[in-house]
Structure formats: C-alpha cells, structure tokens
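[1] Need a 3D model of the sequence below.
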Amino acid sequence: MSWIERLARPGRVLAPLSSGKPGYGVFASGDRRRRPLALVSEAQMRRALSDGAVEPVEAGFVATPEGELRARRDEAGAAGFAVQHGPVERRIVMEPEGERSVFARSGGPLARYFKTQNGKPPLLEPVHAAAAQILERDYNRSALQSRVTQDWSGMPHSGGRAAPKDRAEAPVSRLDAQERVLAALDAVGPGFDRLLLNVVIRETGMGIAERELGWPERTGAPALKLALDRLAIHYRLKKRERVVI
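    Sure thing, here's the model as predicted:
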C-alpha cells in the first residue's frame, strides 16, 4: 500500500518526523508519538504539494480530493483510470459554440482500453493512464475551461463577485496549467492532439472521434496508443526508444 493510500484514510495526517530525521510520516489521528504508518521523503512531499495531492491543515497535511483519487488509482492498479471518478457524474465539455453540461460514465471511453477484451491483453498500460491523468488534471486546472475567451472562468465566484473578464486576470496557476496543456498537445503532434482532446478531455466515443477526424474505422485505437506513448514521453514517464542506424 502506498503512502498516499494510507494518508487518504479517515483521520490520517502527514507531518514531519518527531525524531528530527528528515522527511515526513503518515500518522493516525495526527499522533506523532506513535510509529508512522508510512514514511515520505522530502522529494515526495514536494512533488505531492506541486501535484495538489496534499494540502496544509493545523496538524500537518491531509490528502486533497485529487490525492484521494490518486489513492484510489494506486489501489486499483492497472485499472486505475477506470475508477478515478464515481459511477456517473456531471461534466462540462467545451464545444465550438460554448460549454455544455453532460453526464459521463466512469472513466469515459478510454477505460475500455485498460481492460482485457476477448482474451487479449489490454491495449493500454498504466503509464498511458498516468499520462492521460496528467493531461486531464492540467486541463481541468487551466484557463482553457472557458465559455468564451472573454470570460475564462465561465462561472461567478461564490461571494457573488463577478469573475474576471480578461484572460490576463486569470490566476497564474491556471495560465501555467494552460501552457502545460498546449505544450503537451504540441508534443504529440497534429491529429493526435485532436484525438486526445476528443477521447481524454471531452470523452467522445472512438467511433465519433474517428468520423470527426476523417479517419477510417478501427484506426483510432492504435492511434490513441501512439498518442499516449508520445504524451508519456513528453511527461518523462517513458523513455524515448533509440533508433539504431
């Protein structure tokens, strides 16, 4: 069991080790007098904070909703992408004419490719799921989830104050996430970028995605694997294969 899985359990807190040693520990009920349930290095802690998997509280750090989803994916193993959300949820998808609210099935059309079909091994591997999750996470955090370019947030703030109308007023974190998304799509190349947007972000079925791209039937699945291979290489989750001349 990974440390994030242990932290995601009720009452768990991540705090510096009481022994004075470098690093952190996962403690039950925040009691640092007890032996930690898991050890976390400073590097792991920095990455968790950067990924938004943990957040500070008075007693230390706890898992965020993103961290809890990560724990569920870790627990599910290779099928993790298919269980990262609940059975059915409402999603906002972007269309040329604006945003649209839809109900999406768990994992979307991508989930099927992580399952064994007709005795054949899954088309996609855990590294592909990890790459897709990073792209989706950055997209959800970015300023790209806008209704129109003049209203990047699409929704007013909870205090009744209107959202900023100028994209330049968007939080830096959203603009950074947007740059990461655009860089990732540029890395996978033309055609593959639209495929990932359709299947991973908009959760369009593969048949519809093929027709929108003008591709022959049954060409989308192998192209999806290639696109996610390129995405994983871009995120440094997978090494680029060397070509021997």
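[2] C-alpha only now, for contacts and for neighbours.
    Will do.
[3] Mind listing what's buried along the helix or strand where V26 lies?
    For V26, the host element (DSSP states H and E) is strand 24-28. Of the residues in strand 24-28, Y24, G25, V26, F27, A28 count as buried by neighbour count, 16 or more other CA atoms under 10 Å.
[4] how does this structure divide into domains?
    Listed domain ranges for the chain are 3-63, 77-234 (source: automatic domain parsing).
[5] which of these has the lowest average pLDDT?
    Among these, domain 77-234 carries the lowest mean pLDDT, a mean of 72.
[6] what about the strands in the protein?
    12-16, 24-28, 38-40, 54-57, 60-63, 88-95, 98-105 (DSSP state E).
[7] List the contacts of R180.
    Listed by CA atoms under 8 Å, 6 or more residues apart in numbering, the contact partners of R180 are D138.
[8] try 10 Å
    Applying CA atoms under 10 Å, 6 or more residues apart in numbering, we find R180 in contact with I134, L135, D138, Y139, S142, R174, D186, Y235.
[9] can you list these in JSON lines and add neighbour count?
    Below are these laid out as JSON lines (neighbours: other CA atoms under 10 Å):
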{"residue": "I134", "neighbour count": "18"}
{"residue": "L135", "neighbour count": "25"}
{"residue": "D138", "neighbour count": "21"}
{"residue": "Y139", "neighbour count": "21"}
{"residue": "S142", "neighbour count": "24"}
{"residue": "R174", "neighbour count": "20"}
{"residue": "D186", "neighbour count": "14"}
{"residue": "Y235", "neighbour count": "17"}
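[10] From D138, how far off is R6?
    R6 is 25 Å from D138, where distance means CA to CA, to the nearest Å.
[11] Also R34?
    Distance, R34 to D138, using CA to CA: 37 Å.
[12] So what sits opposite the nearest residue to F61 once chain neighbours are set aside in the bridge?
    Spatial nearest neighbour of F61, chain neighbours left out: L14 (4.9 Å); criterion: CA to CA, 6 or more residues apart in numbering. With DSSP bridges as the criterion, L14 is bridged to V26, F61.
[13] Can you report how many residues neighbour L14?
    Burial measure for L14: 32 neighbouring residues, criterion other CA atoms under 10 Å.
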